[in-house]
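1. Return atomic coordinates for the entry below.
(one chain, ligands or ions: 1)
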Amino acid sequence: MSPITSSALFCELKSGIEARKAHIGVIGLGYVGLPLALLYTDQQFPVTGFDIDHRKVDTLNAGGSYIFRIGKEEIQAARSTGFSATSDYARLSGMNVVIICVPTPLNEYREPDLSYVTNTAHAIAPHLRAGQLIVLESTTYPGTTEEVLVPILEMENRASLKAARGGEADGKAFYVAFSPEREDPGNTSVARRDIPKVVGGLDGQASELAAALYGSIFNRVVQVSSPAAAEMTKLLENIYRCVNIALVNELKLLSLRMGLDIWEVIEAAATKPFGFQPFYPGPGLGGHCIPVDPFYLSWKAKEWDFQTRFIELAGEINTAMPYHVLASIVQALNRQRKALNGSRVLVLGVAYKKDIDDLRESPALTIIELLRNEGAQVSYHDPYFPEVGRGRKYDLQMKRVSLENLAQYDCVVIVTDHSDYDYRRIVQESHLVVDTRNATKGIDSKKIVRC
Ligand SMILES: NC(=O)c1ccc[n+]([C@@H]2O[C@H](COP(=O)([O-])OP(=O)(O)OC[C@H]3O[C@@H](n4cnc5c(N)ncnc54)[C@H](O)[C@@H]3O)[C@@H](O)[C@H]2O)c1
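-> Coordinates of the predicted model:
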């Protein structure tokens, strides 16, 4: 029998993907990985989810969900068509495609922490098979796929397999690509499949396979020339947001001093039909992406003797916003002849943005910590979080209070403008409302301080 060639492996995987028979393994069943696994299941692919968190695996296998916007009916429907979750990496050898969606945070020195990606690569390598396609989706600096992921997979697999890099190999190749996740949590105006998917393969065949893979669930796939170009694309998108948010945050501070309403100004500017996209100020950046990802690039840039000044400046302005909120609360209380020390403050909304159940990097947590440091008695309410325990940075250990009897608080601070809140009632019943999101737009009251 003649040995299987690389082109045979390629054709087999491509036709398997096109026929929706390729078995897909998704590693990391969080906000990105779980919806992706469900999308593929929905499109009739056999899918297995992998996660080291046993509670998540058990919840999914019992037909439950741990993400607010994913109902348990969705999980149960996926289960009934074959989706299952596991922590057993040995099952990777049964996959044709492996998609990695693990976290990429910053460490305490605000440097990239790639340990989740490298741990995953170490865990995949012993189970790697010729002809598998490995795709990294985690947001990261340009070069990660080629410089970090591929070397581990090549060095630690048991069959001397090499990543396909063009040309005809002897049937001992696996394929590698990077494809960034572009989801906007809470955004219901664009369907997931209408967000074009960018892919960059290590070689033409890897790109073609990744394009076929994502083409089966996304309406448009955009191929770029390399994994690094795809990695940089994602960072450009997030840096663009981070810098523009910093710009409006700075202009908000100036507008406050000048007695102008920045929200009115942005609304007017946004009527220009070209050349302007509105961004909105707030109490500071939150989420796993915008406050974190730009620093992946500034870290990498140093290797090239390059300072990414826009990123640093935007980081400085955005990081200062919770301190601005604190100063505004102090000033607002002062005008009522009250000190923050000893005052009762209710924080409304702790999620990092409206209508989502994600606390990561939320400015609300910093604001609560700052208020407590000044001696305030802080309570919070958020429809999505009955309690706030230990996070990456803070250990707040708080339980949600009810929205009854708002008059007991000296100050109510709107940090996250969830749609569920009745802002008119909140203003009516409170002594003082500090609004960081323009949530009280249209309500005319001397009790409101917009900051
Ligand atoms: N959440 C978003 O909206 C969003 C948007 C775009 C990009 N991203 C990027 O996608 C990636 C994943 O983000 P997320 O929000 O889904 O993170 P998450 O924390 O919600 O989920 C990550 C999952 O990976 C699991 N995990 C960690 N190490 C593992 C390992 N070695 N093996 C198996 N499972 C492991 C964790 O238990 C967790 O369930 C990050 O790089 C993030 O920057 C996220």
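
2. quick check, distance from stretch 43-61 to the centre of its chain.
-> 19 Å (Cα atoms, centre = their mean, to the nearest Å).

3. Let me see the mean pLDDT of that stretch.
-> Average pLDDT, stretch 43-61: 97.

4. quick check, it touching the ligand?
-> Yes: counting by Cβ under 6 Å from any ligand atom, contacts between stretch 43-61 and the ligand involve 50-53, 56. Quick note: C-beta positions are derived from backbone N, CA and C, even for glycine.

5. what about that stretch, start to end distance?
-> 20 Å (Cα to Cα, to the nearest Å).

6. Likewise for stretch 380-398?
-> Stretch 380-398 has an end-to-end distance of 8 Å (Cα to Cα).

7. One more: stretch 197-211?
-> Terminal-residue distance, stretch 197-211 (Cα to Cα): 9 Å.

8. which of the residues in it are buried?
-> Neighbour counts over stretch 197-211 (16 or more other Cβ atoms under 10 Å) mark 197-203, 205-211 as buried.

9. Dump the residues of stretch 43-61 next to the ligand into JSON lines; add distance to G286 as well.
-> Below are the residues of stretch 43-61 next to the ligand laid out as JSON lines (distance: Cβ to Cβ, whole Å):
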{"residue": "F50", "distance to G286": "28"}
{"residue": "D51", "distance to G286": "24"}
{"residue": "I52", "distance to G286": "25"}
{"residue": "D53", "distance to G286": "22"}
{"residue": "K56", "distance to G286": "22"}
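
10. Just the ones of these in helices?
-> K56 (DSSP state H).

11. Can you flag the buried ones in the residues of stretch 43-61 next to the ligand?
-> Buried among these (16+ other Cβ under 10 Å): 50-52, 56.

12. what's the farthest-apart pair in those residues?
-> F50 and K56 (10.3 Å; Cβ to Cβ).

13. Sticking with the residue of the stretch 1-150 of the chain found nearest the ligand, tell me its helix or strand.
-> Residue nearest to the ligand within the stretch 1-150 of the chain (Cβ to the nearest ligand atom): G30, separated by 1.7 Å. Using DSSP states H and E, G30 sits in no helix or strand.

14. Let me know whether it touches I100 as I believe.
-> No: contact criterion Cβ atoms under 8 Å: G30 and I100 do not qualify, at 11.7 Å.

15. which residues touch T41?
-> By Cβ atoms under 8 Å, 6 or more residues apart in numbering, T41 lies in contact with 47, 78, 81-83.

16. I'd like the next helix or strand past the helix or strand harbouring T118.
-> Here T118 sits within helix 115-124, counting by DSSP H and E. Heading C-terminal from helix 115-124, the first helix or strand you meet, by DSSP H and E, is strand 133-136.

17. That following strand near the ligand anywhere?
-> No: residues of strand 133-136 are not located near the ligand by Cβ under 6 Å from any ligand atom, the shortest gap being 9.0 Å.

18. number of nearby residues for the closest residue to the ligand within the stretch 151-300 of the chain?
-> Taking Cβ to the nearest ligand atom, the ligand has its nearest neighbour within the stretch 151-300 of the chain at E181, 3.8 Å off. For E181, the neighbour count with other Cβ atoms under 10 Å is 18.

19. And E316, by the same measure?
-> With other Cβ under 10 Å as criterion, E316 counts 11.

20. For the helix holding T118, buried residues please.
-> For helix 115-124, a neighbour-count test (16+ other Cβ under 10 Å) marks 116-117, 120-121, 123-124 as buried.

21. export those residues to TSV and tack on pLDDT?
-> Output for the buried residues of helix 115-124, formatted as TSV (pLDDT from 0 to 100):
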residue	pLDDT
Y116	98
V117	98
T120	98
A121	98
A123	97
I124	98
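
22. Could you dump the residues you listed into TSV and include distance to the ligand?
-> Output for those, formatted as TSV (distance: Cβ to the nearest ligand atom, whole Å):
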residue	distance to the ligand
Y116	4
V117	8
T120	4
A121	9
A123	6
I124	9
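
23. Having no further points to raise, I will conclude here.
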